[in-house]
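Asks: I'll drop the sequence and a predicted model, then ask my questions.
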Amino acid sequence: MVSPASITFGQSAVLSTDLLSYYRQVSQSTLTVVDLETTGSTADKARVIEVSVLQASLDDGIHHQDTHLINPGVKVPAMITRVTGITPAMVGQGKLPEDVWPDLLPRLEQGVLTAHNIEFDYRFIQSEYRHMDFKFTRPPQMQFCTVLLSRLLLADLPSRSLPDLVKHFKFDVGPSHRAEADTTACWLLAEYLLQQIRAESDEVLLGRFAQQWVRLRDAAKLLKCSKYKAQKILDGQGAECRTSRRNTRFLYRRRDVERVYYELQGQQLSLNGMA
């Protein structure tokens, strides 16, 4: 598999041709889809209170799913109950972490670990295993984030949050923000997107990838320069630009970022040839 370290958590800084190779191979793999509900957003301060693990492939569909409420012995904030519907009483009836995570480990180590915003889930899984003095790791090429592929294939949707995608595609999975429903929704999204990866030609897919809106910081990584210099270069080259919905980030079309990248590469080769 393609294995640049940035393929999972910084996908916009990877060239489209490398991404296409990576996703072609993911589409042939078994996916281990995971979703967590937690007591907060920071893995080193919060704990997992619900986990669902689903295994499936495009060829065979879903062949395993299990879901557990977990009682880590910590307070469940009222805000979490409002969002998820998971009450302290429900958690109190859940299994202890040491009765859940060791049994899940063989499955979590199989296939391509998959989630919607996998960076969040992966950090929490690692944290839970650290509580048991075990180091859980999966190499970047064995991780797959459906948020990132959504940005490539659904570039102009107003939102790619999982609840909004469930509404957009009318997935029949039940209420969002519960681990079983969200894991199923993530699989249905992955199935929909990866079927397109399998079915469409390189030319068509690269054309669709080109529509992605890339953050300035990722464009700068690809161009190997500062954000200030990258913005100056891209604007000077007439790259299409907009701001994010909250007007906090500059975004550029992938096609323009890669066009500038290849132009700079060509200039560098010319300079090297003259040296």
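Replies: Yep, it's here.
Asks: Between the two ends of stretch 201-220, how far is it?
Replies: Stretch 201-220 has an end-to-end distance of 29 Å (criterion: Cα to Cα, to the nearest Å).
Asks: What are the contacting residues of that stretch?
Replies: 10, 12-13, 16-17, 19-20, 151-153, 155-156, 196-197, 200, 222, 226-227, 229-231, 234, 242, 249-255, 257-258 (Cβ atoms under 8 Å, 6 or more residues apart in numbering). For the C-beta atoms, the positions are set from N, CA and C on the backbone; glycine is no exception.
Asks: Buried residues in the helix or strand bottoming out on mean pLDDT in the chain, which are they?
Replies: Ranked by mean pLDDT, DSSP states H and E, the weakest helix or strand in the chain is helix 254-274, scoring a mean of 86. With burial defined by 16 or more other Cβ atoms under 10 Å, the residues of helix 254-274 counted as buried are 254, 255, 256, 257, 258, 259, 260, 261, 264.
Asks: Tell me the spacing between the residue most central in space within the chain and residue 98.
Replies: Among the residues of the chain, the one closest to the centroid is residue 145, at 2.4 Å (Cα atoms, centre = their mean). The gap separating residue 145 from residue 98 is 29 Å, by Cβ to Cβ, to the nearest Å.
Asks: Next: residue 191.
Replies: 33 Å.
Asks: Compare neighbour counts for those two and give me the winner.
Replies: Neighbour totals were compared for residue 191 and residue 98, and residue 191 leads with 17 against 11 (other Cβ atoms under 10 Å).
Asks: Grab the nearest non-local neighbour of residue 135.
Replies: Nearest residue to residue 135, sequence neighbours excluded (Cβ to Cβ, 6 or more residues apart in numbering): residue 129, at 6.9 Å.
Asks: Would you mind naming the helix or strand containing that neighbour?
Replies: Element membership of residue 129 [criterion: DSSP states H and E] is helix 118-130.
Asks: how many other residues sit next to the nearest residue to the residue nearest to the centre of the chain once chain neighbours are set aside?
Replies: Nearest residue to residue 145, sequence neighbours excluded (Cβ to Cβ, 6+ apart): residue 118, at 4.1 Å. As a burial measure, residue 118 scores 23 neighbours (other Cβ under 10 Å).
Asks: thinking again about what came up before, elements contacting the least confident helix or strand of the chain?
Replies: For helix 254-274, the contact count by 3 or more Cβ pairs under 8 Å, 6 or more residues apart in numbering; DSSP states H and E identifies strand 213-215, helix 216-223, helix 227-236 as packing neighbours.
Asks: Give me the sheet partners of the shortest one and which way each runs.
Replies: Strand pairing for strand 213-215, determined by DSSP bridges: strand 250-253 (antiparallel).
Asks: Can you give the contact residues for the partner strand?
Replies: By Cβ under 8 Å, 6+ apart, strand 250-253 touches 210-216, 219, 231, 234, 239-244.
Asks: let's see it at 6 Å
Replies: Applying Cβ atoms under 6 Å, 6 or more residues apart in numbering, the set of residues contacting strand 250-253 from outside is 213, 214, 216, 219, 234, 239, 240, 241, 242.
Asks: again with stretch 54-61
Replies: Applying Cβ under 6 Å, 6+ apart, the contact partners of stretch 54-61 are 30, 31, 32, 33, 62, 63, 64, 65, 183, 187, 194.
Asks: ok, now stretch 96-111?
Replies: So stretch 96-111 is contacted by 30, 31, 32, 53, 68, 70, 72, 128 (Cβ under 6 Å, 6+ apart).
Asks: make it 7 Å
Replies: 29-32, 51, 53, 55, 68, 70-72, 125, 128-129, 131-132 (Cβ atoms under 7 Å, 6 or more residues apart in numbering).
Asks: What is the burial count for residue 239?
Replies: 19.
Asks: how near is the nearest residue to it once chain neighbours are set aside to residue 135?
Replies: The shortest distance from residue 239 to any non-neighbouring residue, by Cβ to Cβ, 6+ apart, is to residue 256 (3.6 Å). Noted for residue 256: a distance of 41 Å to residue 135, by Cβ to Cβ.
Asks: List the contacts of residue 264.
Replies: For residue 264, the contacting residues are residue 223, by Cβ under 7 Å, 6+ apart.
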